[in-house]
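1. Return a 3D structure for these sequence lines:
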Amino acid sequence: MPLVKIEMLAGKPLEYKKTVFDCVHEGLIEAFGIQVWDRFQRITEYDKSNWEIPEEKSENFMIIELTIFPGRTKEQKKAAIKIITDKLSQRLDISPTDIFIVMNEPPLDNWGMGGKQKS
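-> Below is the predicted model:
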């Protein structure tokens, strides 16, 4: 059950954002083997006045934060980063240098679903 948070500049059309969602989700299916229905994603958009990034980054720069259950291998994580980056680059012509991905793996006892602590 990856939780996906995507941060980007405001102003992209709906179809662009839908493609971002699809690229990330397809990458997680391929790399982690998650189910097709397992889709918990959100985009947070920022006005330029609230978005400070290095000068060499473009207007397409995005931060993708994946919060995942612990246990994925280094190879699976590497594959997820590569697949997601490749898909975004191919479908939306985003430079790989404009895609920043970070994964967080809180212990299972820090997850609560349906009112119950995961263990």
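
2. Pick out the residue closest to the middle of the chain.
-> Ile64 (3.7 Å; C-alpha atoms, centre = their mean).

3. wait, isn't it in contact with Phe100?
-> Yes: at 7.0 Å, Ile64 and Phe100 qualify as touching, with contact defined as C-beta atoms under 8 Å. C-beta coordinates here come from the backbone N, C-alpha and C atoms, glycine included.

4. Quick one: list the elements packing against the host helix or strand of the residue nearest to the centre of the chain.
-> Assigned by DSSP states H and E, Ile64 belongs to strand 62-67. When contacts are defined as 3 or more C-beta pairs under 8 Å, 6 or more residues apart in numbering; DSSP states H and E, strand 62-67 packs onto strand 3-9, helix 14-32, helix 74-92, strand 99-104.

5. Could you rerun that using 10 Å?
-> strand 3-9, helix 14-32, strand 40-46, helix 74-92, strand 99-104 (3 or more C-beta pairs under 10 Å, 6 or more residues apart in numbering; DSSP states H and E).

6. thinking again about what came up before, tell me, what's touching Ile64 and Phe100 both at once?
-> Contact criterion C-beta atoms under 10 Å, 6 or more residues apart in numbering; residues shared by Ile64 and Phe100: 7, 85.
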